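Q: the sequence and its predicted three-dimensional model are supplied below.
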Amino acid sequence: MQGELYEVFLRSRNGLHHKHAGSLHAADAETALQNARDVYTRRGEGVSIWVVPSKFITANDPNNNDSLFEPADDKVYRHPTFYDIPKEVKNM
Amino acid sequence: MDTALLEEQFEARIAADDRIEPRDFMPEAYRKTLIRQISQHAHSEIVGMLPEGNWITRAPSLRRKVALLAKVQDEAGHGLYLYSACETLGIDRSELLDQLHSGKAKYSSIFNYPTLTWADMGAVGWLVDGAAIMNQVPLCRCSYGPYARAMVRVCKEESFHQRQGFELLLTLSRGTEAQKAMAQDAINRWWWPALMMFGPTDENSPNTARSMRWKIKRFTNDELRQKMVDVCAEQVKALGMTLPDPDIKWNEERGHYDFGAINWDEFYNVIKGNGPCNKERLDARNKAHDEGAWVREAAAAYAAKQAAREAQSAEAA
């Protein structure tokens, strides 16, 4: 009996994204939140905590990364440096 | 894709200093090595709470007591970070705990020594946490992502542990003759076991070469042990104390301190289960786990009740 696995995300201060901090076991979401407070924010690491049951996270298979991310590989025109701008025009 | 090709790609990623993440392909031996190392590390954090817990109620001041409480609480946290990292390798935490409680799994042999006096809290912080930091800092660059990230958190917190221990010894070293003697005695008892924490010598550590190639380890046991000796030989001077080794001497040629022979018979004997506190530690851990069963059951019962209530009110609405 060890409860469900939860993933813990912390916002270190307002204005920043929540970031994955680790995981823990808990019987329910409320307990998970309290445990996350005790385990992951003992030194002011967070102003906001999200806990999410790990089973609800859908992830891609890294073995298929080549084909999954391939569409981004050949589109250099999505980057600003693809475009020629005269030197006189500074900072664009 | 066939395994040979995957293994080749894996080795190439390691060679390129890429990090391996949970869902990536990894050779079974890499997975097994990590499960063993990370779980032993986690168990060590948990069992490591026991020798210090021994002194919480007898701390000589409130300042020392809150520091010790916070430190022991940190060790519990470190155990959890590490169990979490280990679980990403596909093993269940309850299985890891079973291995600890049945005595099948190992933990650091240092925690099988008793904490006899208050000065031991200082020596443990300075030497035991000092050795742990020496080991853990390079692990922050370990090739397995979740382990490396857990180590970053642990190292951030561990620094306070070592400093509070050193400060504690420093206070005693400036105290009465009896306090000085107590501090020196603690250093004498913890020095050699602390050096043993780095594990067997390189020639007796068959897995080191492979772990180094896989970038799980970045330094060999003997390299880290030498670092520890070099650092402590200097730090002990600030305490006005000595290390219990007449052979400690600066070697100009090597640029390191030489030191005496380690009693490896003692090391292997403690690992085999014959240390002064092996049985006591395992019994205490089992007792805590068994006596905590009702808490886990109550939490599960409460969660089930809440879930049933929610389902009922959803139906009613």
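A: Sure, I can see it.

Q: all helices of chain A, in order?
A: Using DSSP state H, the helices found in chain A span residues A:29-40, A:65-69.

Q: ugh, wrong one, I meant the stretch 101-250 of chain B
A: B:119-123, B:129-139, B:145-173, B:177-196, B:208-213, B:221-239 (DSSP state H, counting those that start in this stretch).

Q: excluding its backbone neighbours, what's nearest B:Asp222?
A: B:Asp202 (4.7 Å; Cβ to Cβ, 6 or more residues apart in numbering or on different chains). Quick note: C-beta positions are derived from backbone N, CA and C, even for glycine.

Q: please apply the same query to B:Lys249.
A: That would be B:Asp258: by Cβ to Cβ, 6+ apart, it lies 5.1 Å from B:Lys249.

Q: angles on the backbone of that neighbour, please.
A: phi -80, psi 150 (degrees, to the nearest 10).

Q: for it, give me its contacts.
A: Residues near B:Asp258 by Cβ atoms under 8 Å, 6 or more residues apart in numbering or on different chains: B:Asp247, B:Ile248, B:Lys249, B:Trp250, B:Asn251.

Q: can you say which of those residues are buried?
A: With burial judged by 16 or more other Cβ atoms under 10 Å in any protein chain shown, the buried subset of those is B:Ile248.

Q: and the two most separated of the contacts of B:Asp258?
A: B:Asp247 and B:Trp250 (11.7 Å; Cβ to Cβ).

Q: re the thing from before, in strands, which of the contacts of B:Asp258 fall?
A: B:Lys249, B:Trp250, B:Asn251 (DSSP state E).

Q: pLDDT score assigned to the second one?
A: As predicted, B:Trp250 sits at a pLDDT of 97.

Q: partners of it in the sheet?
A: Here B:Trp250 sits in beta bridges with B:Tyr257, going by DSSP bridges.

Q: separation between it and chain A?
A: 38 Å (Cβ to the nearest Cβ, to the nearest Å).

Q: contact partners for that residue?
A: With Cβ under 8 Å, 6+ apart, B:Trp250 has these contacts: B:Ala233, B:Tyr257, B:Asp258.

Q: a markdown table for the residues you listed, including pLDDT?
A: Listed next are the contacts of B:Trp250 as a markdown table, based on pLDDT from 0 to 100:
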| residue | pLDDT |
| --- | --- |
| B:Ala233 | 98 |
| B:Tyr257 | 98 |
| B:Asp258 | 98 |
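
Q: how many neighbours does the closest residue to B:Asn207 other than its chain neighbours have?
A: Using Cβ to Cβ, 6+ apart and skipping the chain neighbours, the partner closest in space to B:Asn207 is B:Thr33 (6.9 Å). Neighbours of B:Thr33 under the rule other Cβ atoms under 10 Å in any protein chain shown: 19.

Q: residue closest to the middle of chain A?
A: Nearest to the mean C-alpha position of chain A, by Cα atoms, centre = their mean, lies A:Lys19 at 4.9 Å.

Q: roughly how far apart are it and A:Ile49?
A: 11 Å (Cβ to Cβ, to the nearest Å).

Q: repeat for B:Glu75
A: In terms of Cβ to Cβ, B:Glu75 sits 22 Å off from A:Ile49.

Q: for B:Ala148, which residues are in contact?
A: B:Arg19, B:Leu139, B:Cys140, B:Arg141, B:Cys142.

Q: if I look at it, how far off is chain A?
A: 13 Å.

Q: on that earlier part again, out of the helices of the stretch 101-250 of chain B, deepest packed?
A: Comparing the helices of the stretch 101-250 of chain B by mean neighbour count (mean count of other Cβ atoms under 10 Å in any protein chain shown), helix B:119-123 comes out on top with a mean of 27.

Q: I am finished for the moment; much appreciated.
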